[in-house]
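Peer 1: need a 3D model of the following:
(3 chains, ligands or ions: 2)
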Amino acid sequence: MVQFLQQLINGLSIGSVYALMAVGYSLVYSIMNFSNFAHGGVIMLGAYFGFFGLTLLKLPFAAAFLLASVGTLFVAIIVERIAYKPLRERRAPFLYFIISAMGASILLENLVIATIGPTFRTYPEVFPKAPLELGPLAVGRLDLIIFIISAVSLTLLILFIDKTKLGKAIQAASYNVKACALMGVNTDKVILTVFGLGGFLAGIAGVFFGMKYTVYPQIGNITTKSFIAAVFGGLGSLPGAVLGSVLLGIIETFVAGYLSSQFRDLIAFVILIAVLILRPTGIMGKVTEDKA
Amino acid sequence: MDWTYIQGILMLAGINMIAVLGLSLLTGFTGLFSFGHAGFMAIGAYVGAWISASPASTPAGLGLPFVLAIVAGGAAAGLVSYFIGRISLNLKGDYFCIATLGFGEAIRLIFNNVNRFGGARGWPGVPSKSSFLAILIADIVAVVFLANLVKSRHGRNMIAVREEELAAQIAGIDVFRYKMISLIISAVYAGVAGVFFAHYMTFIQPKMFSLTKSTELTIIVIFGGLGSISGSVLGAILLTALPEILRAFEMWRLVFYGAAVILIMVSRPKGLMGGMELTPSGIRKVAAERNALREAKAKLLAEGSGEEED
Amino acid sequence: MAAILHIRDLTKQFGGLTAVDAVSFDVPEGGIVGLIGPNGAGKTTIFNLITGVYKPTSGSIEFRDRSIVGLEPFRIADMGITRTFQNIRLFKNLSVFDNVLTACHLSANYSFAEAILRLPRFRTQEKRLMAKAEELLDIMGLLGYKDLIANNLPYGLQRRLEIVRALALNPSLLLLDEPAAGMNPDETEQLMRLIVRIRDDFKLSVLVIEHHMDLIMGVCEHIIVLNFGEKIAEGSAEEVSRHPQVIEAYLGTREEATDA
Ligand SMILES: Nc1ncnc2c1ncn2[C@@H]1O[C@H](COP(=O)(O)OP(=O)(O)OP(=O)(O)O)[C@@H](O)[C@H]1O
Ligand SMILES: [Mg+2]
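Peer 2: Ligands and ions are numbered 1, 2, ... in the order given. Next up, the predicted model:
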């Protein structure tokens, strides 16, 4: 039982990092209907921004944290402007967006390899390693902080989408972009906001990911799993992305804990394939009948 | 740059070309996009290596002739693609892409865990059987088969699926079957490319068949121009050689590569050939189309001005 | 005259909306039947049900006394029912000739292997297909546009090309969804003659949806009127145009329909 709870907590912690990443995929998908594979590169840069903020600039944690998330906010927007905006204006099919995204992802990853180098870097210790003892449970301080900050950020995001005017515009655009544009919603602004929000959360996720594991240019490949989480929850749905991420985090931890850590990565793809076969729209995605 | 070096690049380009031609059928002619074809290459590579590796040096090998390795590698990839197609071909646009990505990565991760073939550490000792001549012959066969296929009713049916799926159905085309056949043929091509790749490198590792490799193949098809075999051939040669030529810049070459991909998507989305073929009949066809357009415009203009008495 | 198509109590619901509500009618062998009704009446949905694009919620569709409910669209096409679309769906990046040639595929049966190796059967059958495509284009007056990319055809000719493509399948029942949409009275007049001619030349039965009343009144031997998914009347042009419910449906929703 203790082991079970322990695993559950670990799962929630990694699941909440996935959630920070997954909402970025889902936000973009909900408006633009394509899978933004450049998002992994943005997350990776977030991890580096945080790392250099702490080590090179010797910033306090909060400042490094902010540096990372504001930094990735801009990176995400720049990627949108360069790699997607021209395609949007031309109304290119979704595949061109995906390929452009792949190009951006290759570019970002290798830009880091070329300038910073391919080595693995370990974050300095910000929080003491010694776990908090909660009865028989030992909870890592980092895990707890990750979970709390992620939960707060995601709640703020959902409040933003639900309560603000811009958030409502995003919701409306996710329902029907063309109609929104006709009704005078500034879709360009909506799209920038979506990339900005996704980028901001990507920075937070990158820092946490770097702190929990290490930093290296190919982190972006791991973020494919958060994309799977977004599909699992239902691409385009924010609550779906969060739910899918938490579930994926927990399932992964349990598989690694009870079966074998070798299957840890494989399980995500097994889930992905199972979801696509059984219910391609994911847990919370909407099912629609096409018009002929 | 000596001849062996150039030959090496050309061989790599020739191997890539086989996989790219297969993907060209699926993507350029049938309109389905895959981010998992590296997985089929992996299957071809491992099955091929297993067939041909000498049991004396590698316990896992069977020591059979290279030709059998090619046949078995292609067939294995085709068979796996059939099962993948059964469950994913009914998915809509984006989701089929995602499914292929999932299957491609799953195949790689499975090989990571097959210790008999060296797992993630890789498998050395694949015999060096991919000669320049063998690759050249394979490329020629691959091009000829594909060109004949796309100019037949079967190829036209695939193109119809790409153009307008519903209209294809209504025109009596079994859309699912043609998607399936296109997928299987493309997987067989990728599998054969994998066999050649394994016997060229003589060392294989699951990592070589990652999502990045799948993406590279799709990028080459798009770069060459969807629906153009000559485009795929040129694309495979240019884009395999480009990173090699840029090797002088070592660190920066993939940065350029990524930037080039974005630039192509943004500025010349039709790719190099834009659906055209660099053959006498291909050029005649384009000329005829241009001509017809000019004539039609003239005709409309004549009717228009006749009415207006201008 | 025997009925080639037999529809009984056909119903289709989309969520809460009943787009087609217990509709029954027949298309006689060799007949030209009109299907009319205001926008959203469920006409196109009936075509989608007949051609297998949608599965009916309930009811039966029999073609030559065989139920075709639940069959896939390509099988239904294979059996001899084909159609055109309200919003044109050509293979728009292909030439006019290739559009028709593609649709001729049912007249050949060479295999993949024969195609890849260019064996004799492939060559003889391909020649036959090309000749057939050419002949159809000729009959329908599109041969002059043979090499034009379909997308560059003038609108009216695109509709005609869709009909040629449908004829390439050797159908016995042809469904036309608003074939005169966007045409001027001259072109509509031509189209009317064309419809009658292909029915006679190709021994077809035709079911046509149209808002142009001249066309419907001019060529249809029998007319079915839908409103809100229900059949409100059927009969000859004269019978239908005198029917009080039809007058009400049309005057109530779209007066322009009668003189458009
Ligand atoms: N796939 C679908 N999902 C939901 N509703 C649909 C679908 N297809 C059609 N409908 C609805 O069914 C009703 C009938 O539509 P249909 O297209 O058959 O009308 P129609 O008679 O062809 O009209 P028009 O003259 O405008 O072409 C409409 O209310 C339409 O919105
Ligand atoms: Mg309609």
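
Peer 1: show me where the chain has its strands.
Peer 2: This is for chain A. For chain A, the strands defined by DSSP state E cover A:132-134, A:137-139.

Peer 1: actually, chain C is the one I wanted.
Peer 2: Secondary structure of chain C by DSSP E: the strands cover C:3-14, C:17-28, C:32-36, C:58-63, C:66-67, C:81-83, C:173-177, C:205-209, C:222-227, C:230-235.

Peer 1: the fifth one pairs with which strands?
Peer 2: In this case it means strand C:66-67. strand C:58-63 (antiparallel) (DSSP bridges).

Peer 1: the strand it pairs with vs strand C:3-14, what angle?
Peer 2: Relative orientation of strand C:58-63 and strand C:3-14, computed by axes from the mean of the first three to the mean of the last three Cα atoms, to 10 degrees: 150 degrees.

Peer 1: now strand C:58-63: mean pLDDT?
Peer 2: Averaged across strand C:58-63, the pLDDT comes to 95.

Peer 1: what does that strand rub up against?
Peer 2: The contact list for strand C:58-63 (Cβ atoms under 8 Å, 6 or more residues apart in numbering or on different chains) reads C:4-11, C:22-23, C:49-50, C:67-69, C:76, C:79-81, C:173. Quick note: C-beta positions are derived from backbone N, CA and C, even for glycine.

Peer 1: how about 10 Å then?
Peer 2: Contact with strand C:58-63 is made by C:3-13, C:20-24, C:26-27, C:46, C:49-52, C:67-71, C:76, C:79-81, C:172-173, as judged by Cβ atoms under 10 Å, 6 or more residues apart in numbering or on different chains.

Peer 1: re the thing from before, so which of the strands of chain C is the most packed in?
Peer 2: Of all the strands of chain C, strand C:81-83 has the most neighbours on average by mean count of other Cβ atoms under 10 Å in any protein chain shown, namely a mean of 29.

Peer 1: mean confidence for that strand?
Peer 2: Averaged across strand C:81-83, the pLDDT comes to 95.

Peer 1: do stretch A:240-252 as well
Peer 2: On average, the pLDDT along stretch A:240-252 is 92.

Peer 1: what about it and chain B, touching?
Peer 2: No - Stretch A:240-252 lies apart from chain B when judged by Cβ under 10 Å from any Cβ of the partner chain; the minimum separation is 13.1 Å.

Peer 1: now stretch A:91-109: how far from the chain's centre is it?
Peer 2: Stretch A:91-109 has its C-alpha centroid displaced from the chain centroid by 17 Å (Cα atoms, centre = their mean, to the nearest Å).

Peer 1: circling back: nearest to B:V71, of the strands of chain C?
Peer 2: strand C:81-83 (41.2 Å; Cβ to Cβ).

Peer 1: next, see if that closest one gets close to ligand 1.
Peer 2: No - using Cβ under 6 Å from any ligand atom, strand C:81-83 stays clear of ligand 1, coming no nearer than 12.6 Å.

Peer 1: what lines up beside that strand in the sheet?
Peer 2: Strand C:81-83 is paired, per DSSP bridges, with strand C:173-177 (parallel).

Peer 1: off-centre distance for the strand it pairs with?
Peer 2: Centroid separation between strand C:173-177 and its chain, computed with Cα atoms, centre = their mean, is 2 Å.

Peer 1: give me the mean pLDDT for it.
Peer 2: 96.

Peer 1: next, the angle from that strand to strand C:32-36.
Peer 2: Using the same axes, to 10 degrees: strand C:173-177 against strand C:32-36 is 30 degrees.

Peer 1: for B:K151, see how far away the residue in the stretch 101-250 of chain A that ligand 1 sits nearest to is.
Peer 2: Closest residue of the stretch 101-250 of chain A to ligand 1, Cβ to the nearest ligand atom: A:N176 (14.9 Å). The gap separating A:N176 from B:K151 is 42 Å, by Cβ to Cβ, to the nearest Å.

Peer 1: who has more neighbours, those two?
Peer 2: Between A:N176 and B:K151, B:K151 has the larger neighbour count (other Cβ atoms under 10 Å in any protein chain shown), namely 16 against 11.

Peer 1: got a list of what the more buried one touches?
Peer 2: When contacts are counted by Cβ under 10 Å, 6+ apart, B:K151 is found next to B:E277, B:S281, C:A115, C:R118, C:F122, C:E126.

Peer 1: which element is the first one on?
Peer 2: This points to B:E277. Assessed by DSSP states H and E, B:E277 sits outside every helix and strand.

Peer 1: what's it sitting at in phi/psi?
Peer 2: Here is the backbone geometry of B:E277 (degrees, to the nearest 10): phi -110, psi 140.

Peer 1: what is the burial count for it?
Peer 2: 21.

Peer 1: show me the contacts for it.
Peer 2: Counting by Cβ under 10 Å, 6+ apart, B:E277 touches B:147, B:150-151, B:225, B:227-231, B:283-286.

Peer 1: now flag whichever of the residues you listed is closest to A:A83.
Peer 2: Taking Cβ to Cβ as the measure, B:G225 is the one of those closest to A:A83, at 20.3 Å.

Peer 1: for that closest one, which non-adjacent residue is spatially closest?
Peer 2: Sequence neighbours aside, B:G271 is the residue nearest to B:G225 in space, at 3.1 Å (criterion: Cβ to Cβ, 6 or more residues apart in numbering or on different chains).

Peer 1: doesn't the one you found belong to a helix?
Peer 2: No - B:G271 sits outside any helix when classified using DSSP: H, G, I helix; E, B strand; the rest coil, being coil.

Peer 1: now render the strands of chain A as a markdown table, adding distance to A:A169 and mean pLDDT.
Peer 2: Shown next, in a markdown table, are the strands of chain A (distance: least, Cβ to Cβ, whole Å; pLDDT from 0 to 100):
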| stretch | distance to A:A169 | mean pLDDT |
| --- | --- | --- |
| strand A:132-134 | 42 | 81 |
| strand A:137-139 | 40 | 81 |
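
Peer 1: so which of those comes closest to chain C?
Peer 2: Closest approach to chain C among the strands of chain A (Cβ to the nearest Cβ): strand A:137-139, 47.4 Å.

Peer 1: what lines up beside that closest one in the sheet?
Peer 2: strand A:132-134 (antiparallel).

Peer 1: and the spatially closest residue to A:S13 that is not a sequence neighbour, what does it touch?
Peer 2: Distances taken as Cβ to Cβ, 6+ apart place A:D143 nearest to A:S13, at 3.8 Å, with adjacent residues excluded. The neighbours of A:D143, taking Cβ under 10 Å, 6+ apart as the test, are A:I9, A:N10, A:L12, A:S13, A:I14, A:S16, A:V17, A:F127, A:P131, A:L132, A:F208, A:K212.

Peer 1: pull out the buried residues from those residues.
Peer 2: Among the contacts of A:D143, those classed as buried by 16 or more other Cβ atoms under 10 Å in any protein chain shown are A:I9, A:N10, A:L12, A:S13, A:I14, A:S16, A:V17, A:F208.

Peer 1: before we move on, the earlier item: dump the contacts of A:D143 to TSV, plus distance to ligand 1.
Peer 2: Listed next are the contacts of A:D143 as TSV, based on distance: Cβ to the nearest ligand atom, whole Å:
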residue	distance to ligand 1
A:I9	46
A:N10	45
A:L12	40
A:S13	43
A:I14	41
A:S16	38
A:V17	39
A:F127	54
A:P131	55
A:L132	54
A:F208	43
A:K212	46
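
Peer 1: farthest pair within these?
Peer 2: The largest distance within the contacts of A:D143, taken as Cβ to Cβ, falls between A:V17 and A:L132 and amounts to 19.0 Å.
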